[in-house]
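*Asks:* Give me the fold of what follows.
(chains A and B)
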Amino acid sequence: MQSLSEALPLPLQFTWLIPIYGFSGMLLSLPWATGWIKRNGPRPAAYLNLLVTLLAVLHGSLVIRDVLAIGPQHLDFVWFNAADLTLRLGFDLSLTNLAALELVTTMSLVCQVYALGYLDKEWSLARFYALVGFFEGAMSGVVLSSNLFLSYFLLEMLTLSTYLLVGFWYAQPLVVTAARDAFLTKRVGDVLLLMGVVALAAWTGSLEYNDLYDWASENASTGAIAPLAGTLLGLGLIAGPIGKCAQFPMHLWLDEAMEGPNPASILRNSVVVTCGAVVLMKLMPVVAPLSPLATQVLLVVGSISAIGGALVALAQVDLKRAFSYSTTSYLGLVFIAIALQRPGLALLLLLAHGLARALQFMGVGSIIATTNCQDLSELGGIGTRMPATLLAFVVGGAGVVGLFPLGTFWCFALMLNTLLPASPLLATVFLLTNALTAANVVRVVRSVFGGSPTPKCRRTPECNWLMALPMVSLTVLVLLLPWIMQRFDPVPGIGSFPLPVALGVAGSAAAGVVVGSLLPQDQFWSRATTPWLRLLQDLLAYDFYTPEIYRRTIVALVASLARITLWVDRILIKGLVDGLGRLSLVTAEGLKLTVSGQLQSYVLTVIAALLLLLGSLQWLRGA
Amino acid sequence: MLLSSLLLIPFVGSLVVLLWPGGPSPQRLRLVTILILVAQLLVSLGAIALFDPTAPGMQLQELHAWVPGIGLDYALGIDGLSLPLVLINAALTLVSAVITRDIDKRPRIYFAMLLLISGAVNGAFLAENLLLFFLFYELELIPLWLLISVWGGANRAYAATKFLIFTAVSGMLILGAFLGLSLLTGTVDFSLTPVLSDRLTIGGQLLLLIPLLIGFGIKIPLVPLHNWLPDAHTQASTPLSVLLAGVLLKLGTYGLLRFGLQLFPEAWARIAPALAIWAAFSVLYGSLAAIGQTDMKRMVAFSSVGHMGYVLLAAAAGTPVALLGAVFQMVSHGLISALLFLLVGIVYRKTGTRDLQVLHGLLNPEKGLPLTGSLMIVAVMASAGLPGMAGFISEFLVFRGSIGVFPLATLLSMVGSGLTAVYFLLLVNRAFFGRLAITPPSGDAQVDGRLDVRLSPVALRETLPAIALAAGVVLLGLWPASLGHLSEAATTAMGLTIGGVA
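*Replies:* Predicted coordinates for the structure are as follows:
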């Protein structure tokens, strides 16, 4: 491929610059973020970041144009080479990867404009933009990567930047725990993934996805890898994406991460989780032949996350959390699609979900910026005073739900069509999730906009235009999505399913809408009074008591191991050392008294010792 | 002559500082020391230019008979294993001289000792003769003991004595093994020729290797021989901690590779499985013990115990990639732990405490230490093995090289790498996030709320060494080939030797 690169058009040759744009945005922001330049406030950092992101978007579209003309390309650089190890940085310029790239960079651009409005008076705006630049660079690298090593490299960078973005307002106690949990949860997944990566690197020699695919199918057919090793490898590989996509049981961090600034939440809920799913998608042909168990685990995890997330979302009283659990739920559905080896459908679902979810979070941000409140029990009665926001809520909600004729509807119907003959159970998962999500969306919209105005919502002008512009543009995009999907569709035709399936999907959504609009709403009694209902509500509101389960299991395990080690260190080892020291002091004190002080006895000792030494040497030489 | 000048510069420099005429101010002495160390760094960098990275063996050799009767030769040489360590030594000694600012007593002796240590360490890394190595290995001990026991913290006598006894035992074991080699083979050949079964039975080899292992295990340190390290670190001053963690611990791992693996390849291959388990145990123990610490410096010290375990794992595996990883891990641990100790030192100087139960919110942009905090985040992330920084590529090489040989020990060590994230995240979250506080909470939220903590700002010149180290960490992480091409030939040859006899 290297020899071809002379002939490649320039934008293609320099595709590796696209992730660099994001990282350079971070570097460009540093003078303002660190306070070296104080005179003119942090805005220039934001403008510079917007500029480089715009460059990334434009460069990406040039690459797409060239790839459309000359077909998919592969770029490859040797990064490190030693002994029998070669680490490469590879980029796969296929249309799907590039579409994902455009999604990432465009969403980043839109969010950065939005953040300019949302974080208007934030003193550390430059730091935010530096982190977003870092974020964007890592994400655009992940989606283009043709190489597991590079993917892992960048996924970890995403973990770091998530930690820093969630911890943006680090002075608040909840933020501190949220950032910690986000990092550690992802880190657990990453370490397991690293184990898989290291094992694969040792076994195969190459970490290019294509080589891995060949290797996996070859070994699966010859049985060269023991089933246990294959299973462990598969489980390790899927652990990374499970953590990254906030799937059960590593889902808690996404909810806590809502403590971070809202523009980062937009990115996290739409494109960051997409990156995790994209990596899983690239790994699936390795996992599937080696480890049937890992595939089963993916299906189970996906199903539990889908339904569990949708249920938990229903009981949240926090505006952001109500939607973030829904993200977990949708990524569960994506996981099912990936586990069934339907990458095309999974990508469509990711696209539809990503855009609509981002729109929902923009609406949420607009409400929060205007009312300074994100508690559903204190919001209400905004009515039509924020028309753009209302529209974003409605369109975003409808886009997420499989409601005719927006994007997700087509994805769900296609998915259902493939699922129904083989596994009706999974089909039920889709329909149930859809219904529950619809109910949740209607519940939230009713609660925020319906009823009479609450004290916090009496004066609610529409958000400023820096937020409104991206929000309205995205609304239009979500509305146009079915048309876009039809054009870029990797699956033959987005409408290729029978009418009953369509009716099923629409029916489940409609059922959800009806349930959502019938749910009783009382601002003062947001907690149920009926005992069993209250129990259920608490169970869901506290996320099936997951934090408590974490605390009682893994956290308690590590903490007690640490305590035991500390005890061993302080009592056993230090005690032994100090004891030895004390013993020698005490014996010395005792021996002191046995010495007579006469010169003759010293001379005698010296002579005896010398004789002994010489004698033993003589004996050793003789031996 | 180049290698001899690496010894001459610090040793003569040490004399110059001691004999500087008149009563020079501490600042003047510091400046002289810095200049000498800059010269040492430049000569070390010059060694790169003369060094041929494609040749696996010793280069730039110098050989003079010294005391032929006992086999002591003045034999120096450098290869891909020692060159990076010589560089690290020059760089970190310079850093520790630069960050020595408030020296209150006997600056003359302090700086002379610093130079003496640096020279002795250079000597140990360059020595091609076992006895010469031992001389330098012991020579570094006394100045270090002095530096802890004179310029240390409140409990310095205890820590210094403990350090002295542990390291003296380590020295005795090593000397015993070296002399035993002469005794058992019946020659006075102390050159670095591998001892194979045609010269010595495998039982004899093991008999010599085990004391060496324990001796160097104390220096590295490996659990359970580590007890001197946390005390030494907590009592030592910041510049000394930088030197101790960054350079002196490497003597142990260097010794293992040079005088364990390279000198006794057959016996090494025999006990390698046990060493791998020992390494994993050390890694997990160090990490778990670090989780429980409340003193920042102790936590970093225990993290050193954990991270040096990776080097033993790589040495046990003995594949070319693993051994290259061992060199990387030594260099990156040198940079990262030096950075960590340096930053903890800044925090201690500004707040007067290192207690994680007391410190909060130091990242505060106006009243806290924002730049120190940001650098601390870089340092802990590098230590936790985040890609793009030196720790990641080192750990990746170690794990990739070891997993085929010792899968279980490698996986356990990787768990240790995950635990690093736990304790260092606890450190950052407790000390740097949250509301700024440097005194224990009084129990009354209102009283605490009224406390207006305002830390004196950290001048740029104080953080400059830290910025340089952080830049080094990132540079090595993004461009590992820079170090890789220096060491690859040597470690590959070493790996083939051990692979050949195993």
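*Asks:* List the contacts of residue A:187.
*Replies:* A:159, A:243, B:384, B:418, B:421 (Cβ atoms under 8 Å, 6 or more residues apart in numbering or on different chains). Quick note: C-beta positions are derived from backbone N, CA and C, even for glycine.
*Asks:* same thing but at 6 Å, please
*Replies:* Counting by Cβ atoms under 6 Å, 6 or more residues apart in numbering or on different chains, residue A:187 makes contact with residue B:421.
*Asks:* where's it, which helix or strand?
*Replies:* Using DSSP states H and E, the element containing residue A:187 is helix A:173-204.
*Asks:* Give me the buried positions along the following helix or strand past that helix.
*Replies:* Tracing the chain C-terminally past helix A:173-204 and defining elements by DSSP H and E, one meets helix A:209-222 next. Within helix A:209-222, the residues that qualify as buried are A:209, A:212, A:213, A:215, A:216, A:219, A:220, counting by 16 or more other Cβ atoms under 10 Å in any protein chain shown.
*Asks:* Test my guess that the fifth one contacts residue A:287.
*Replies:* By that I understand residue A:216. No - using Cβ atoms under 6 Å, residue A:216 and residue A:287 do not qualify as a contacting pair, with a distance of 8.0 Å.
*Asks:* Which residue comes closest to residue 252 once chain neighbours are left out?
*Replies:* All of this refers to chain A. residue A:546 (5.3 Å; Cβ to Cβ, 6 or more residues apart in numbering or on different chains).
*Asks:* Sorry, I should have been clearer: chain B.
*Replies:* Distance criterion Cβ to Cβ, 6+ apart; nearest residue to residue B:252, sequence neighbours excluded, is residue B:219 at 3.2 Å.
*Asks:* ok, that neighbour to chain A distance?
*Replies:* Using Cβ to the nearest Cβ, to the nearest Å, we find residue B:219 at a distance of 16 Å from chain A.
*Asks:* what does stretch B:118-132 rub up against?
*Replies:* Looking at what lies outside stretch B:118-132 - Cβ under 6 Å, 6+ apart - the contacts are B:3, B:6-7, B:10-11, B:72-73, B:75-78, B:82, B:85-86, B:89, B:93, B:133, B:136-137, B:139-140, B:178, B:190, B:192, B:247, B:251.
*Asks:* could you give the mean pLDDT of it?
*Replies:* In this model, stretch B:118-132 has a mean pLDDT of 94.
*Asks:* Can I get it in PDB, CA atoms only?
*Replies:* As requested, C-alpha coordinates have been extracted for stretch B:118-132 and formatted as PDB (Å, rounded to 0.1, in the frame of the first residue of the first chain):
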ATOM      1  CA  SER B 118      26.100  10.500  40.700                       C
ATOM      2  CA  GLY B 119      29.700   9.500  39.900                       C
ATOM      3  CA  ALA B 120      29.400   6.200  41.900                       C
ATOM      4  CA  VAL B 121      26.200   5.300  40.000                       C
ATOM      5  CA  ASN B 122      27.900   6.000  36.700                       C
ATOM      6  CA  GLY B 123      30.700   3.800  37.800                       C
ATOM      7  CA  ALA B 124      28.400   1.000  38.700                       C
ATOM      8  CA  PHE B 125      26.600   1.200  35.400                       C
ATOM      9  CA  LEU B 126      29.800   1.300  33.400                       C
ATOM     10  CA  ALA B 127      31.900  -1.200  35.300                       C
ATOM     11  CA  GLU B 128      32.800  -4.300  33.400                       C
ATOM     12  CA  ASN B 129      34.500  -6.000  36.300                       C
ATOM     13  CA  LEU B 130      32.500  -7.500  39.100                       C
ATOM     14  CA  LEU B 131      34.700  -6.100  41.900                       C
ATOM     15  CA  LEU B 132      34.800  -2.700  40.300                       C
END
